[in-house]
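Trainee: Just the structure for this:
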Amino acid sequence: MSHPLKIRRLGRQPYEPVWRSMSAFTDNRTATTVDELWILEHDPVFTLGQAGKMEHVLAPGEIPVIPVDRGGQVTYHGPGQIVAYPLFDLRRIGVGVRELVNKIEQSIIDTLAHWNIEAVRREGAPGVYVADAKVAALGLRVRRGCSFHGLAFNVNMNLEPFHRINPCGYKDLAVTQVLDLGGPSRLVDVEDVLIGELCRQFGFDAEPAAPVTPELPTRVAV
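Mentor: Alright, predicted model coming up:
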């Protein structure tokens, strides 16, 4: 059985308003609210998950550090990185938290395979890796049976800020991106494939993409 999925492409946005908006969306949604996938880039920011320790933030410099309510440790978001927030009713689509993580990882792995890039997951270290370097990070939260926060997928960005942290709490963890692995440089090319793979994994029918707007949705009319 397929389910509808509303795709929102939000362009480049500051982190905190998006965080507040997806949290409000999750709190306000009902059993009939259509699931959404938000696709965007963030202004430069380090986010520190609930398990995060400031000792893993080595030298943030001018980039702000924001403690947030997702799982995981510290990561970096910035231009040239796809951030995708799956706002899914897990009970309705019939998946648990572990399966949610596995399906998101598999979607990224299958996306990279479109450009013959061989990627893998690591047991106990959520995310996607190519030759021991991390290309995508996951940090999720489930509230009232619904997911928010999501994934960060490096495509064509300045990787220098990752040297200012221990990415995901791992010292000297190498970080890579799609462009350096022989894939495309345009985010939209990777976004389109990623959306298709996420829909395939979770059994969604994507609705036409909403136009980019600076006003972030806080809830969907039902």
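
Trainee: which SS state does the most centrally placed residue in the chain fall under?
Mentor: The residue lying closest to the centre of the chain (Cα atoms, centre = their mean) is Leu151, at 1.7 Å. Here Leu151 is recorded as strand under DSSP: H, G, I helix; E, B strand; the rest coil.

Trainee: Could you pull out the helices in the chain for me?
Mentor: 15-28, 90-93, 97-113, 187-202 (DSSP state H).

Trainee: buried stuff in the first one?
Mentor: The one in question is helix 15-28. By neighbour count with 16 or more other Cβ atoms under 10 Å, helix 15-28 contains the buried residues 15, 18-19, 21-23, 25-26. In short, each C-beta sits where N, CA and C put it, glycine included.

Trainee: of the residues you listed, closest to Leu58?
Mentor: Closest approach to Leu58 among the buried residues of helix 15-28 (Cβ to Cβ): Tyr15, at 19.7 Å.

Trainee: Can you tell me the closest non-neighbouring residue to the closest one?
Mentor: Among residues not flanking Tyr15 along the chain, Val45 sits closest, at 4.5 Å (Cβ to Cβ, 6 or more residues apart in numbering).

Trainee: For that neighbour, list each beta-bridge partner.
Mentor: Counting by DSSP bridges, Val45 is bridged to His77.

Trainee: That one and Leu187, how far apart?
Mentor: Here Val45 is placed at a distance of 17 Å from Leu187 (Cβ to Cβ, to the nearest Å).
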